[in-house]
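# from the sequence below, what's the structure:
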Amino acid sequence: MAGSPRRAAGRRLLLPLLCLFFQGATAILFAVFVRYNHETDAALWHWGNHSSAANEFYFRYPSFQDVHVMIFVGFGFLMAFLQRYGFSSVGFTFFLAAFALQWSTLIQGFLHAFHGGHIHVGVERACTAAAHGPAGGGAVRCQRVCASRSPGGTIFLWIFWPSFNSAPTSLGDGQHRTALNTYYSLTSSTLSTFALSALVSRDGRLDMVHIQNAALAGGVVVGTSSEMMLTPFGALAAGFLAGMVSTLGYKFFTPILESKFKVQDTCGVHNLHGMPGILGALVGVLVAGLATHEAYGDGLKNVFSLIAEGQRSATSQAMHQLFGLFVTLIFASVGGGLGGLLLKLPCLDYPSDSQCYEDQVYWEVPGEHEDTAQEPLRVEEPDTQA
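This is a model prediction of the structure:
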């Protein structure tokens with residue numbers, strides 16, 4: 001099952017070399033560019049003579065914890081599908097998330113927090129990195145086996161998604177509003193998922209694939225607009241629509257992707273994150289276009305600072321939001337294409353189709369040698385006819 005000795009030897013070197021290379025590269029970048037921010041640095045904090053209780057740690061760390069429960073527990077067990085693929089689902093999620101936290105710190109820092117030649121980090125920046133880091137017959141089969149084993153991951157994600165969306169936002173009313181909008185949107189997407197799941201099935205029974213995934217679409221759809229004045233009604237409407245779109249995607253679009261385009265979306269990422277994400281971006285365009293001083297008051301500067309300063313109109317802000325959607329789709333398409341090409345390189349030693357979703361390819365699995373050890377020894381009988 002584990003493959004030829006040559007392939008095993010290649011894996012023995014490939015993963016350690018990749019880990020050492022990427023960790024070494026990020027460590028060098030951290031040494032050169034990353035520093036503590038003023039809330040974390042002993043000299044800077046005490047020089048300002050602040051109260052210890054005023055440190056942002058006490059406001060941000062609960063969200064920091066919640067986001068990590070989502071990433072390492074929620075997504076880990078959400079992906080724990082197939083009887084013989086539990087180690088890989090949880091283990092590789094753990095591995096990739098750990099590296100993504102370091103890499104996201106650098107990328108987010110270079111783009112948004114780079115000043116004085118350094119990236120200044122504290123629990124807020126680390127939380128932001130975590131929140132933006134971190135998922136056909138084959139695809140449908142994988143999703144159905146997954147659904148029977150990992151609804152617990154869905155529950156973790158559902159509970160902590162308000163923290164996930166609110167973690168990067170500004171403290172105060174913005175963070176409060178984000179958590180509330182996300183909460184109502186999740187409740188609405190859950191109800192629409194249950195409704196559509198029963199409606200589109202032949203006998204009116206619920207499909208756990210829909211419940212496990214599409215119920216979370218409410219958290220995705222308000223990712224862009226949750227800090228805005230979406231209103232509780234708007235959150236309910238957006239969540240309900242996202243649950244419908246996601247459920248219908250699992251029911252009808254995934255089989256078409258596999259049968260017509262030979263694309264196996266084994267984790268249903270397109271249905272849970274793709275379509276609701278695009279819908280959420282469009283909701284953000286709409287709500288940004290409706291932003292007024294009357295609706296936001298003095299809080300407008302915390303959400304749309306350029307509108308508050310008179311440098312941009314609400315319509316212009318909406319167009320910038322729409323342009324951001326197009327840029328995101330371009331980056332996703334190009335990045336996904338390049339990633340697919342890289343994964344096809346022979347040096348990466350991807351398993352054959354017959355060995356996909358098998359823990360034994362990459363993991364020591366308890367009991368895998370028992371059958372061999374219990375086989376009776378075959379003693380060759382002497383040739384008496386000679």
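# compute the first-to-last residue distance for stretch 28-40.
21 Å (CA to CA, to the nearest Å).
# show me how the chain divides into domains.
For the chain, automatic domain parsing gives the domain ranges 24-134, 136-346.
# average pLDDT for the first one?
When pLDDT is averaged along domain 24-134, the result is 78.
# quick check: buried residues in stretch 167-187?
Across stretch 167-187, burial judged by 16 or more other CB atoms under 10 Å covers 167-169, 174-175, 177-187. The C-beta positions use only the backbone N, C-alpha and C, and glycine is treated the same way.
# again, but for stretch 354-363
357-363.
# circling back to that earlier point, find the pair from the buried residues of stretch 167-187 with maximum spatial separation.
Using CB to CB, the pair of the buried residues of stretch 167-187 lying farthest apart is Pro168 and Thr187, separated by 22.4 Å.
# sec struct for Cys127, please.
What DSSP: H, G, I helix; E, B strand; the rest coil gives for Cys127 is helix.
# from Trp158, how far out is it?
Taking CB to CB, to the nearest Å as the measure, Cys127 and Trp158 are separated by 20 Å.
# now, the buried residues of stretch 167-187 that are in helices?
When DSSP state H is applied, the buried residues of stretch 167-187 are split such that 174-175, 177-187 fall in helices.
# can you redo those residues as TSV with distance to Gly310?
Below are those laid out as TSV (distance: CB to CB, whole Å):
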residue	distance to Gly310
Gly174	21
Gln175	26
Arg177	24
Thr178	26
Ala179	30
Leu180	29
Asn181	27
Thr182	31
Tyr183	34
Tyr184	32
Ser185	32
Leu186	36
Thr187	38
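# closest to Ala281 among the residues you listed?
Among these, and counting by CB to CB, the member closest to Ala281 is Ser185, at 14.6 Å.
# how many neighbours does the closest residue to Lys251 other than its chain neighbours have?
Nearest residue to Lys251 in three dimensions, chain neighbours excluded: Val200, at 4.9 Å (CB to CB, 6 or more residues apart in numbering). Residues lying near Val200 (other CB atoms under 10 Å) number 15.
# so who does Val200 touch?
Counting by CB atoms under 8 Å, 6 or more residues apart in numbering, Val200 makes contact with 247-248, 251-252.
# most surrounded residue in those residues?
Each of the contacts of Val200 was scored for neighbours by other CB under 10 Å, and Thr247 scores highest at 28 neighbours.
# re earlier: which of the domains of the chain sits closest to Ser352?
For Ser352, the closest of those is domain 136-346, at 12.4 Å, according to CB to CB.
# low-confidence ranges in the stretch 151-300 of the chain?
For the stretch 151-300 of the chain, no stretch is flagged by pLDDT under 70.
# ok, which stretches of it are helices?
151-166, 173-200, 208-214, 217-221, 232-248, 254-261, 269, 275-289, 293-296, 300-303 (DSSP state H, counting those that start in this stretch).
# CA atoms of the first one as PDB?
It refers to helix 151-166. Extracted in PDB, the C-alpha atoms of helix 151-166 (Å, rounded to 0.1, in the frame of the first residue of the first chain):
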ATOM      1  CA  PRO A 151     -20.400  16.900  11.700                       C
ATOM      2  CA  GLY A 152     -18.500  17.800  14.900                       C
ATOM      3  CA  GLY A 153     -16.200  20.000  12.800                       C
ATOM      4  CA  THR A 154     -19.200  21.900  11.500                       C
ATOM      5  CA  ILE A 155     -20.400  22.600  15.000                       C
ATOM      6  CA  PHE A 156     -17.000  24.000  16.000                       C
ATOM      7  CA  LEU A 157     -16.900  26.200  13.000                       C
ATOM      8  CA  TRP A 158     -20.500  27.400  13.400                       C
ATOM      9  CA  ILE A 159     -19.900  28.400  17.000                       C
ATOM     10  CA  PHE A 160     -16.700  30.300  16.400                       C
ATOM     11  CA  TRP A 161     -17.400  31.900  13.000                       C
ATOM     12  CA  PRO A 162     -18.500  35.200  14.600                       C
ATOM     13  CA  SER A 163     -15.000  35.400  16.200                       C
ATOM     14  CA  PHE A 164     -13.400  34.500  12.900                       C
ATOM     15  CA  ASN A 165     -15.100  37.400  11.100                       C
ATOM     16  CA  SER A 166     -14.800  39.900  14.000                       C
END
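# which residues are contacting it?
62-63, 66-67, 69-70, 73-80, 131, 175-176, 178-183, 186, 190, 208, 211-213, 215-216, 219, 222-223, 226.
# element containing Ala25?
Secondary-structure assignment from DSSP states H and E places Ala25 in helix 5-33.
# which strands or helices does that helix pack on?
Counting contacts by 3 or more CB pairs under 8 Å, 6 or more residues apart in numbering; DSSP states H and E, helix 5-33 is packed against helix 86-112.
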